[in-house]
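S.K.: generate coordinates for the sequence data below:
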Amino acid sequence: MLGPQVYTVARLGLVWGSLARHYRKPALLSLRGRQVTIRPHLPDGANIVAMLRHAFDHVAGVHGVSQDILDQAARLGLRARRSWVIRPAVDTTTFVPAPETPPSPPLRVVMVGAIMWRKSYETAVLAVRRAIDLGAELRLVIIGEGDERRRIEVAIADLGLGGVVELAGPQPPSAVRDVMRSSHVAMLS
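M.R.: Predicted structure coming up:
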């Protein structure tokens, strides 16, 4: 059985490639990581690689978020002349750290993104518990929403982190900017 990310990228790449040819329109495939860095190495990897190779051959081009992603895809059959790196953009005029002297406790940590299993928020919550047990003073704010929210709420409660980890839910861009600006660390677990 295919995971949702591979289904989206590989299988829909096949479908979009077919539709694109039928309507004489180009189709592009976007690679963001997991589909070429993890899935090909799992037990069903041979099927994933076959689908990716077929998709690579039937789309007009492939975009990756880093050169490393495209290099790994090339090892799976992607031809370099049909691929481009387009990095995710961050507006550096909007996301500017606030001027501050070295951080004073508590260390303010922020995570932003969809709350889903593959983003490993539970690992972040466990790391916060461990850091506190070692004497750190910190606070984690998680901005976003997703299917795993309830599981993360339970982990926060089970680990006694109710006053330390905040699930802020979805926020408008200005609020995300303000929380990021006032944080000392942006965490990706």
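
S.K.: which helix or strand in the chain has the lowest average pLDDT?
M.R.: Least confident helix or strand of the chain, by mean pLDDT, DSSP states H and E, is helix 4-6 with a mean of 41.

S.K.: and Arg150, how far from Leu52?
M.R.: According to CB to CB, to the nearest Å, Arg150 stands 33 Å off from Leu52. Every C-beta, even on glycine, is put in place using the N, C-alpha and C of the backbone.

S.K.: more neighbours: the two, which one.
M.R.: Each of Arg150 and Leu52 has its neighbours counted (other CB atoms under 10 Å); Leu52 has more, 26 against 9.

S.K.: ok, that one touching Val36?
M.R.: Yes: the criterion here is CB atoms under 8 Å, and Leu52 meets it with Val36 at 7.0 Å.

S.K.: show me where the chain has its strands.
M.R.: Along the chain, counting by DSSP state E, strands occupy 28-31, 61-64, 83-85, 107-112, 138-143, 165-169, 185-186.

S.K.: is Glu166 in a bridge, and if so with what?
M.R.: When bridges are taken as DSSP bridges, the partners of Glu166 come out as Val141.

S.K.: wait, doesn't it sit right on Val141?
M.R.: Yes: with contacts counted by CB under 8 Å, Glu166 reaches Val141, the gap being 4.8 Å.

S.K.: the two: who's more crowded?
M.R.: Neighbours around Glu166 and Val141, counted as other CB under 10 Å, are more numerous at Val141. The numbers are 19 against 16.

S.K.: nothing else from me, thank you.
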